[in-house]
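> Show me the folded form of this:
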Amino acid sequence: MKKTFSFIASLVLAAAAQATTLSDLNFIGEFNGNKYYTSPDARSWADCNALATSFGPGVHLATINSQAENDFLTSATASGPNAYGTNGIDCWIGLYQDLTAADYAEPAGGWRWSDGSPMVFMNWKSTEPNNWRTENHGHFNRFPGGLWNDEKESNLKKALIEVEAFYFTPQLSPVCYQQGPSNNGGAIDANRSDITKAFTAQNSDVQGPINFFSLGYGGWAILKADRPILNGPGNDVSLIETTWGEGSYPLGESARLLASQDGVSFVDLGVTKYNGSFDFGSLTWAQYFMVVDVTPMSNSYDAFDLDGLVFTTPGDLGSTPAPDPSLGSALVAYVSGMQGKQKGGANVPSVRSNTAKGLGAPQLNDTYNFYSLGFAGTAVYRFGYGVIDNPGADIQVVETSFGRPSCARYPEHVSVAVSYDGNTWFEKGILCQDGTVDVAPHTGVSFIKFTDASDRIKFNNSADGWDLDGAINLGMGSEATPTSPCEIIAGRKSISQTADQENVPDELQALQIYGQTAVFSMAADQVTVRISDNIGRQISSEVVSGKIWDSVEYNLPELKSGIYIMTVESSVSRDVIKFVK
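This is a model prediction of the structure:
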């Protein structure tokens with residue numbers, strides 16, 4: 001077997017202009033699963049070696065292990081007479097002479113392959129190597145029939161580059177995961193909790209060794225491919241699940257798959273029962289994949305069992321395509337709905353009936369910047385990215401009422417529901433004017449439905465119900481806040497073992513904003529409260545002291561209209577919330 005994970009760094013003596021992807025090279029063929037390329041230009045041996053190894057593990061100057069491989073390369077590089085009059089491309093291969101080796105002797109001792117493979121085959125011309133003019137590197141096509149020759153390292157030749165078969169198979173690694181419970185509320189068995197079992201899809205439902213990672217009910221995992229996966233013809237990724245005796249569960253084991261280019265902004269690709277294939281849609285490529293269990297509770301012991309992912313069109317290892325334009329944190333599309341009427345029965349005026357006014361960042365002013373639902377009216381909108389379940393609030397909803405009257409004075413109410421697909425809805429409560437929504441446990445939802453819930457009796461005949469200014473996906477924050485699901489895990493409130501465990505309340509107060517007041521629990525006897533704007537500039541910082549576990553009401557400073565981040569941090573905890581003023 002070839003050793004492909006090391007190369008002789010001391011031989012990289014000079015830097016040359018390098019191709020950035022394999023597509024910049026000239027593909028000449030495939031042998032035993034490995035692919036071969038030549039460089040577009042001639043270079044020294046050291047520069048050719050540097051070019052080959054720049055693509056990462058599994059790529060190196062060609063190592064030739066058999067007569068069959070040598071014959072294949074002789075044919076693949078045939079191109080007409082070269083400088084020596086031989087019919088072939090004059091190429092450097094991975095041969096070099098290790099002058100420090102115990103078996104070094106001129107001219108035939110100490111020859112090695114640059115990838116560390118043993119010398120199991122040689123094809124020198126009968127009079128070579130001869131060390132004429134101090135020649136310590138090997139090349140190919142100096143003589144007919146693919147015979148080898150030694151030559152000076154500084155001479156310029158094309159690189160004959162070999163790419164191992166595994167290089168073309170994307171490798172997965174875990175970014176983070178949060179395993180859910182079993183159907184009895186307990187932890188999943190340890191032998192089903194090894195995330196590495198999801199790195200390579202076995203695609204087998206035959207009972208045997210555990211080849212999967214169980215998500216548990218409502219659990220999720222984010223995996224990263226070692227290269228971009230491109231949006232090609234047809235489906236781009238397949239999600240593979242393991243269920244021994246598939247079909248034995250009446251409701252199946254189901255999961256949603258989300259994809260991202262940056263590990264923060266996840267686009268929902270859809271849902272599958274057991275195995276399923278997905279198209280990237282508007283994404284031109286993706287590298288992060290989030291699998292979220294949505295199996296109906298009590299259907300099976302441990303819900304969706306993640307076997308792995310299979311990709312249709314992998315990009316080049318080490319390449320970084322241009323990112324797609326950001327869709328932002330606000331609503332991006334109106335989907336459907338039915339506008340209600342004014343209380344008196346008249347149609348809502350046209351100036352208040354433009355559904356596009358609910359898109360984009362909230363305006364937070366007394367203009368016709370909103371869409372009126374009308375009494376009992378509904379409107380379905382969509383975020384550009386899935387809303388990930390943060391601790392506390394996940395969505396900020398902003399309503400327009402001229403003059404910003406209190407809820408008691410002008411009680412416009414709205415019922416809010418969220419959905420993965422715009423068909424199945426999960427109710428999340430009723431807001432009076434503005435408010436926040438917690439999507440738990442439905443992480444990754446991208447649809448939101450507003451239904452006017454205002455009491456007609458409390459309004460005059462020209463009133464037209466709740467008015468949508470906009471909504472913000474709070475997970476799409478600045479660098480000052482947790483933005484990826486992994487940062488969210490790290491940011492969740494956690495009480496250390498050294499904290500006072502006496503008199504622990506049944507439930508801690510999660511950080512919340514109510515008008516001009518923030519409410520939170522003291523996880524230590526001293527916490528630091530910081531407020532920053534949406535680009536991370538600190539607005540205020542204050543140390544608050546109190547008794548551990550007490551609930552605190554904290555008066556916010558005077559703030560201009562905008563989006564802010566509040567952090568409450570102690571030596572044992574950290575809570576973060578984003579809010580709109």
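
> What strand or helix carries Ile448?
strand 445-452 (DSSP states H and E).

> Mind listing the strands that strand pairs with, and their directions?
strand 378-387 (antiparallel), strand 413-419 (antiparallel) (DSSP bridges).

> Between the two ends of stretch 339-358, how far is it?
13 Å (Cα to Cα, to the nearest Å).

> contacts for it?
For stretch 339-358, contacts defined as Cβ atoms under 8 Å, 6 or more residues apart in numbering pick out 331, 334, 337, 368-377, 379, 381, 452, 456, 459-465, 467-471. (C-beta placed from N, C-alpha, C; glycine too.)

> quick one: average confidence on it?
For stretch 339-358, the mean per-residue pLDDT is 96.

> List the buried residues in it.
Gln339, Gly340, Gln342, Lys343, Val348, Arg352, Thr355, Lys357, Gly358 (16 or more other Cβ atoms under 10 Å).

> and what of stretch 458-468?
Phe459, Ala463, Asp464, Gly465, Trp466, Asp467, Leu468.

> Columns mean neighbour count, distance to Phe31 and mean pLDDT on top of the strands paired with strand 445-452, output as TSV?
Output for the strands paired with strand 445-452, formatted as TSV (neighbours: other Cβ atoms under 10 Å; distance: least, Cβ to Cβ, whole Å; pLDDT from 0 to 100):
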stretch	mean neighbour count	distance to Phe31	mean pLDDT
strand 378-387	23	44	96
strand 413-419	21	52	96
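
> Could you export those as TSV, including distance to Glu542?
Below are those laid out as TSV (distance: least, Cβ to Cβ, whole Å):
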stretch	distance to Glu542
strand 378-387	30
strand 413-419	32
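
> So Ser193 sits against Phe213, correct?
Yes: using Cβ atoms under 8 Å, Ser193 is in contact with Phe213, at 7.0 Å.

> Give me the more crowded residue out of those two.
Neighbour totals were compared for Ser193 and Phe213, and Phe213 leads with 29 against 16 (other Cβ atoms under 10 Å).

> Quick one: residues contacting the more buried one.
Contacts of Phe213 (Cβ under 8 Å, 6+ apart): Tyr177, Arg192, Ser193, Asp194, Ile195, Thr196, Lys197, Ala198, Ala221, Asp305, Leu306.

> and the fourth one, how many neighbours?
Asp194 is surrounded by 13 other residues when neighbours are defined as other Cβ under 10 Å.

> ok, what's across the strand from the closest residue to it other than its chain neighbours?
In space, and not counting its chain neighbours, Asp194 is closest to Phe213: 6.3 Å by Cβ to Cβ, 6 or more residues apart in numbering. Assessed by DSSP bridges, Phe213 has beta-bridge partners Leu306.

> Next, count neighbours for Ile448.
Ile448 has 26 nearby residues by other Cβ under 10 Å.

> quick revisit: after the strand holding Ile448, which helix or strand is next? Please name it.
strand 467-473.

> which helices and strands sit right next to that following strand?
strand 371-372, strand 378-387, strand 395-399 (3 or more Cβ pairs under 8 Å, 6 or more residues apart in numbering; DSSP states H and E).

> mind redoing it with 10 Å?
strand 331-338, strand 371-372, strand 378-387, strand 395-399, strand 413-419, strand 435-437, strand 445-452, strand 574-580 (3 or more Cβ pairs under 10 Å, 6 or more residues apart in numbering; DSSP states H and E).

> Now do it and strand 395-399, the angle between them.
On the basis of axes from the mean of the first three to the mean of the last three Cα atoms, to 10 degrees, strand 467-473 is oriented at 160 degrees to strand 395-399.

> Next, the angle strand 331-338 makes with strand 467-473.
140 degrees.

> Check the secondary structure at the residue positioned nearest the centre of the chain for me.
Most central in the chain under Cα atoms, centre = their mean is Tyr288, positioned 2.5 Å from the mean C-alpha point. With DSSP: H, G, I helix; E, B strand; the rest coil as the basis, Tyr288 sits in strand.

> Just list whatever residues bridge to it.
Lys224, Ser260.

> Isn't it up against Leu257?
No: using Cβ atoms under 10 Å, Tyr288 makes no contact with Leu257, being 11.2 Å away.

> Pull up the overlap in contacts between the two.
Phe266 (Cβ atoms under 10 Å, 6 or more residues apart in numbering).

> quick one, strands of the stretch 1-150 of the chain?
Here the stretch 1-150 of the chain has its strands, by DSSP state E, counting those that start in this stretch, at 26-31, 34-38, 59-61, 91-97, 111-113, 137-143, 147-151.

> ok so, going back, gap between the residue nearest to Asp194 and Asp307?
As judged by Cβ to Cβ, to the nearest Å, Phe213 and Asp307 stand 8 Å apart.

> Equivalent analysis for Trp148, please.
46 Å.

> Compare neighbour counts for these two and give me the winner.
The residue with more neighbours, out of Trp148 and Asp307, is Asp307; 25 against 22, by other Cβ under 10 Å.

> Just after the lowest-mean-pLDDT helix or strand in the chain, pick out the following helix or strand.
Every helix and strand of the chain was ranked by mean pLDDT, DSSP states H and E. The lowest is helix 485-491, at a mean of 56. Later in the chain than helix 485-491, the nearest helix or strand by DSSP H and E is strand 512-514.
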